[in-house]
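Below are the sequence and a predicted model; questions follow.
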Amino acid sequence: LEDGYQWFYEGRNGWWAYDERTSFEMECAYKRSQRICELLIAGFLYMIDFDQMFQSRKTEPSRRRRIKRDLASIPKKGVAGLRLE
Ligand code: V3L
């Protein structure tokens, strides 16, 4: 993203970066001050809640993952489930 930031979702013991397209779409919604947005991620519709900072699959609303916007340079597990070496 423009200023060296990136969107992350929580994994078991660390954070995963969102894929580039999803991160860009989240950033657009966030910059428009949307409180929520809906995105297709790996074939499933997810709800992103910017007020409470979590994502969840629309069909499984009780299963939440924390999200954050942080510097792209922080330690991460990988990108969208693809592990870093
Ligand atoms: N981008 C890509 N895959 C996702 C995303 C996303 N934003 N959200 C969920 N999934 P749930 P560890 C994650 C995948 O929350 O070892 C990681 O990417 C999610 O993948 O119940 O626990 C890893 O691939 C999970 O497979 O909707 O850190 C994997 O978990 C599935 O959707 C293991 O990561 C259901 O997640």
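In hand now; what should we look at?

Kindly export the strand ranked longest in the chain (C-alpha atoms) in CSV.
In the chain, with assignment by DSSP state E, the single longest strand is strand 64-71. Extracted C-alpha coordinates of strand 64-71, given in CSV (Å, rounded to 0.1, in the frame of the first residue of the first chain):
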residue,chain,number,x,y,z
ARG,A,64,-13.8,-14.6,14.0
ARG,A,65,-10.2,-13.8,13.2
ARG,A,66,-8.5,-10.6,14.4
ILE,A,67,-7.2,-8.3,11.7
LYS,A,68,-4.8,-5.4,11.8
ARG,A,69,-3.2,-2.7,9.6
ASP,A,70,0.5,-2.6,10.3
LEU,A,71,3.8,-1.9,8.7
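
Now do that strand: everything it contacts.
With Cβ atoms under 8 Å, 6 or more residues apart in numbering as the test, strand 64-71 has contacts from 4-10, 15, 30, 48, 53-56. Placement of C-beta: from N, CA and C, glycine included.

Emit the PyMOL select command for whichever of those are buried.
Filtering the contacts of strand 64-71 down to the buried ones (16 or more other Cβ atoms under 10 Å) takes a single PyMOL command:
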select buried, resi 5+6+7+8+9+10+15+30+48+54+55
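
Can you tell me which of the contacts of strand 64-71 is nearest the ligand?
For those, the minimum distance to the ligand (Cβ to the nearest ligand atom) is 4.7 Å, reached by Tyr9.
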